[in-house]
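Undergrad: no FASTA, just this:
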């Protein structure tokens with residue numbers, strides 16, 4: 001028996017995170033980041049790779065607190081802990 005495919009969850013509006021505008025959101029989606037939870041779980045080398053992929057300094061992501069804001073947005077929207 002083949003398990004049912006995992007249901008694809010809809011993308012979150014990443015622009016609700018201050019510091020992420022339409023251009024950054026587009027680049028994040030191209031990099032495969034479409035949900036608050038994905039962004040909320042990034043740290044270290046994975047965060048640095050993402051920053052390089054979307055062509056934004058990792059220091060800006062940290063200064064603007066994208067990860068922390070994504071964690072809060074996920075928790076508020078889904079009432080879950082990341």
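TA: Yep, that arrived. The shown structure was predicted, so the numbers you read here are calculated from the model rather than taken from an experiment.

Undergrad: shaky segments in this structure?
TA: Low-confidence regions of the chain, defined here as pLDDT under 70, cover residues 1-7, 80-82.

Undergrad: mind listing the strands in it by residue range?
TA: Using DSSP state E, the chain contains no strands.

Undergrad: quick one: buried residues of the helix ranked longest in the chain?
TA: Among the elements of type helix in the chain, defined by DSSP state H, the one spanning the most residues is helix 66-78. Burial within helix 66-78, assessed by neighbour count using 16 or more other CB atoms under 10 Å, is assigned to 66, 67, 69, 70, 71, 73, 74. C-beta: built from backbone N, CA, C; applies to glycine.

Undergrad: which one among those gets closest to residue 14?
TA: Using CB to CB, residue 70 is the member of those that lies nearest residue 14, at 7.8 Å.

Undergrad: Tell me who's in contact with the closest one.
TA: When contacts are counted by CB atoms under 8 Å, 6 or more residues apart in numbering, residue 70 is found next to 14, 17, 36, 37, 39, 40.

Undergrad: and the last one, how far is that from residue 20?
TA: Applying CB to CB, to the nearest Å, one obtains 13 Å for the distance of residue 40 from residue 20.

Undergrad: before we move on, the earlier item: mind checking which of the contacts of residue 70 land in helices?
TA: With helices identified by DSSP H, the entries of these that belong to them are 36, 37, 39, 40.

Undergrad: Which member of these is positioned nearest residue 61?
TA: Out of these, the one with the shortest distance to residue 61 is residue 39. That distance is 9.2 Å, counting by CB to CB.

Undergrad: returning to that earlier point: of the contacts of residue 70, which pair is most distant in space?
TA: By the measure CB to CB, those have their two most distant members at 17 and 37, which lie 12.6 Å apart.

Undergrad: Look at those two and report which has more neighbours.
TA: The residue with the greater number of neighbours, taking residue 17 and residue 37 and applying other CB atoms under 10 Å, is residue 17; the counts read 23 against 19.
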